[in-house]
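Engineer: With the input below, show me the fold.
(one chain, ligands or ions: 1)
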Amino acid sequence: MERAQAIERYLQAVPKAELHVHLEGSILPATLLKLAQHNGISLPVSTVEEARRWFQYRDFAHFIEIYFLISGCLKTEEDYELITYEFGAEMARQNVRYAEVTFSPSTHFFNMGIKHDVYFTGLNKGRERARTEFGVEMRWVFDIVRNASSQQELHRKADYTTSVAIESMQEGVIALGLGGAEVGSPPEQFAPWFEKALAAGLHSTPHAGETVGPESVWGALRTLGAERIGHGVRSIEDPSLVKHLAQEGIPLELCPLSNICLGVYKHIAEHPLPRLYAAGVPLSVNSDDPPLFNVTLNDNVQALYEPFHFDLDTIDEILLNGVRHSFLPQERKAQMEMAFRTEMQKLRQELVGS
Ligand SMILES: O=c1[nH]cnc2c1ncn2[C@@H]1O[C@H](CO)[C@@H](O)[C@H]1O
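Structural biologist: I've put the predicted structure just below:
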């Protein structure tokens with residue numbers, strides 16, 4: 001029994017890097033209630049307990065509905081600064097040293113009327129305070145929200161997201177993403193914006209293969225220049241795609257507990273992560289929208305030990321993938337991987353004895 005507890009303590013303490021986590025999906029419930037009240041937004045819940053029960057989803061569309069409501073609770077620069085600062089505090093609690101954090105500018109600009117310099121000044125003030133106070137580093141992934149009521153709206157949102165992402169490259173934005181409901185919104189139509197973003201020097205990491213099958217991952221690889229895939233978990237359904245991902249070394253940003261909470265898989269024991277790993281597909285473990293699933297990144301990491309039964313050396317390698325698959329410059333990645341390895345060895349001796 002105590003070995004299992006020692007391993008749990010080790011997995012909490014070990015340094016990590018996270019590549020797939022949404023800022024608006026990480027707002028702490030108590031903070032969300034305060035923001036809603038302060039900004040005159042009426043939510044169907046008024047206590048943290050009620051919020052936790054509210055975070056149960058009938059299906060993906062229901063999740064997006066709640067996600068949209070939550071995004072609407074943000075109004076001032078201070079609100080954006082607060083949620084980013086608190087995100088940094090949570091990183092420190094999980095021993096996450098580096099995170100590439102997804103944010104959806106078009107929801108705030110078009111749906112809530114918040115100007116770029118309001119939300120982005122807040123985001124970067126919060127990011128800087130978290131760096132100074134907790135020693136955690138964040139970079140931004142701005143994602144195009146794929147759902148729109150018309151082609152014209154889709155173009156407007158994609159144009160806006162891509163241009164603010166390119167404009168903000170010197171202030172921490174490192175990649176263009178693609179989020180929202182995949183059903184009925186295949187990746188191919190977003191090729192022009194990803195072409196523009198890649199040409200400007202941004203990286204490409206669209207969501208694909210989460211709520212739809214392998215064809216969406218093929219589409220993201222072939223037409224969006226995807227260097228990583230958000231989720232991509234349903235690649236498992238196409239052996240030729242699994243082989244391609246392994247041979248080309250294209251990383252998947254897996255979020256196992258998110259897939260259970262959103263009904264992609266019924267039980268964690270049937271999640272394809274072990275099969276993808278065994279097939280040689282590069283993968284990292286991420287939390288996606290932790291408070292919205294009432295879990296933490298460390299709960300996702302713990303799943304590698306129980307129920308996936310990976311040994312600690314393998315778990316350490318999967319955690320180091322969070323550094324290796326990041327969009328940091330090569331030398332920064334090498335430094336960070338070295339520092340993580342040294343700390344892992346020390347913690348393995350101290351906490352597990354092996
Ligand atoms: O797991 C996810 N898949 C797709 N979109 C997600 C996920 N988590 C959060 N979002 C967010 O949902 C919004 C849709 O309007 C987007 O902001 C997207 O980033």
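Engineer: so who does whatever residue of the stretch 151-300 of the chain ends up closest to the ligand touch?
Structural biologist: With C-beta to the nearest ligand atom, the shortest gap between the stretch 151-300 of the chain and the ligand falls at Gly179, namely 2.8 Å. The way it works is simple: take the backbone N, C-alpha and C, and place the C-beta from them, glycine included. With contact taken as C-beta atoms under 8 Å, 6 or more residues apart in numbering, Gly179 is in contact with His22, Thr102, Ser104, Asp143, Ile144, Val145, Arg146, His207, Gly230.
Engineer: any idea which of those is closest to the ligand?
Structural biologist: Nearest to the ligand among the contacts of Gly179, with distances taken as C-beta to the nearest ligand atom, is Ser104, at 3.3 Å.
Engineer: residue contacts, that closest one?
Structural biologist: Contacts of Ser104 by C-beta under 8 Å, 6+ apart are His22, Glu24, Ser71, Phe142, Asp143, Val145, Thr161, Gly179.
Engineer: From Tyr80, how far off is the third one?
Structural biologist: Summarising the geometry, the distance separating Ser71 from Tyr80, computed by C-beta to C-beta, to the nearest Å, is 11 Å.
Engineer: of these two, who's got more company?
Structural biologist: Taking neighbours as other C-beta atoms under 10 Å, Ser71 and Tyr80 compare with Tyr80 leading, 25 against 21.
Engineer: Enumerate every residue touching the more buried one.
Structural biologist: So Tyr80 contacts Leu74, Val118, Tyr119, Phe120, Thr121, Gly122, Leu123, Gly126 (C-beta under 8 Å, 6+ apart).
Engineer: nearest residue to the fourth one other than its sequence neighbours?
Structural biologist: What that stands for is Phe120. Ser168 (6.3 Å; C-beta to C-beta, 6 or more residues apart in numbering).
Engineer: Which parts of the stretch 201-350 of the chain are helices?
Structural biologist: 214-223, 239-248, 256-261, 273-278, 297-305, 312-324, 330-347 (DSSP state H, counting those that start in this stretch).
Engineer: Redo those helices as JSON lines? Include mean neighbour count.
Structural biologist: Output for those, formatted as JSON lines (neighbours: other C-beta atoms under 10 Å):
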{"stretch": "helix 214-223", "mean neighbour count": "22"}
{"stretch": "helix 239-248", "mean neighbour count": "15"}
{"stretch": "helix 256-261", "mean neighbour count": "22"}
{"stretch": "helix 273-278", "mean neighbour count": "16"}
{"stretch": "helix 297-305", "mean neighbour count": "21"}
{"stretch": "helix 312-324", "mean neighbour count": "19"}
{"stretch": "helix 330-347", "mean neighbour count": "14"}
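Engineer: Could you dump the ones you listed into a markdown table with distance to the ligand and mean pLDDT added?
Structural biologist: Output for the helices of the stretch 201-350 of the chain, formatted as a markdown table (distance: least, C-beta to the nearest ligand atom, whole Å; pLDDT from 0 to 100):
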| stretch | distance to the ligand | mean pLDDT |
| --- | --- | --- |
| helix 214-223 | 12 | 98 |
| helix 239-248 | 19 | 98 |
| helix 256-261 | 6 | 97 |
| helix 273-278 | 16 | 98 |
| helix 297-305 | 13 | 98 |
| helix 312-324 | 18 | 98 |
| helix 330-347 | 25 | 98 |
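Engineer: will you turn these into TSV that also has distance to Thr31?
Structural biologist: Shown next, in TSV, are the helices of the stretch 201-350 of the chain (distance: least, C-beta to C-beta, whole Å):
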stretch	distance to Thr31
helix 214-223	33
helix 239-248	37
helix 256-261	20
helix 273-278	31
helix 297-305	18
helix 312-324	25
helix 330-347	29
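Engineer: Go through these and name the closest to Pro15.
Structural biologist: When those are compared by C-beta to C-beta, helix 330-347 sits nearest Pro15, at 4.8 Å.
Engineer: now what about the closest one, what contacts it?
Structural biologist: 10, 13-15, 17, 97-98, 316, 319-320, 323-324, 326, 328.
Engineer: the inter-axis angle of that helix versus helix 312-324?
Structural biologist: Taking axes from the mean of the first three to the mean of the last three C-alpha atoms, to 10 degrees, one finds that helix 330-347 is oriented at 150 degrees with respect to helix 312-324.
Engineer: now helix 330-347, how far from the centre of its chain.
Structural biologist: 22 Å (C-alpha atoms, centre = their mean, to the nearest Å).
Engineer: Only alpha carbons, please: show that helix as PDB.
Structural biologist: These are the backbone C-alpha positions of helix 330-347, laid out as PDB (Å, rounded to 0.1, in the frame of the first residue of the first chain):
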ATOM      1  CA  GLN A 330      15.500  23.800 -29.200                       C
ATOM      2  CA  GLU A 331      18.100  25.000 -26.700                       C
ATOM      3  CA  ARG A 332      15.400  26.000 -24.100                       C
ATOM      4  CA  LYS A 333      13.800  22.500 -24.500                       C
ATOM      5  CA  ALA A 334      17.200  20.800 -23.900                       C
ATOM      6  CA  GLN A 335      17.900  22.900 -20.800                       C
ATOM      7  CA  MET A 336      14.400  22.300 -19.400                       C
ATOM      8  CA  GLU A 337      14.600  18.500 -20.100                       C
ATOM      9  CA  MET A 338      18.000  18.300 -18.300                       C
ATOM     10  CA  ALA A 339      16.600  20.200 -15.300                       C
ATOM     11  CA  PHE A 340      13.500  18.000 -15.200                       C
ATOM     12  CA  ARG A 341      15.600  14.800 -15.300                       C
ATOM     13  CA  THR A 342      17.800  15.900 -12.500                       C
ATOM     14  CA  GLU A 343      14.800  16.800 -10.300                       C
ATOM     15  CA  MET A 344      13.100  13.400 -11.200                       C
ATOM     16  CA  GLN A 345      16.200  11.400 -10.100                       C
ATOM     17  CA  LYS A 346      16.300  13.300  -6.800                       C
ATOM     18  CA  LEU A 347      12.600  12.900  -6.100                       C
END
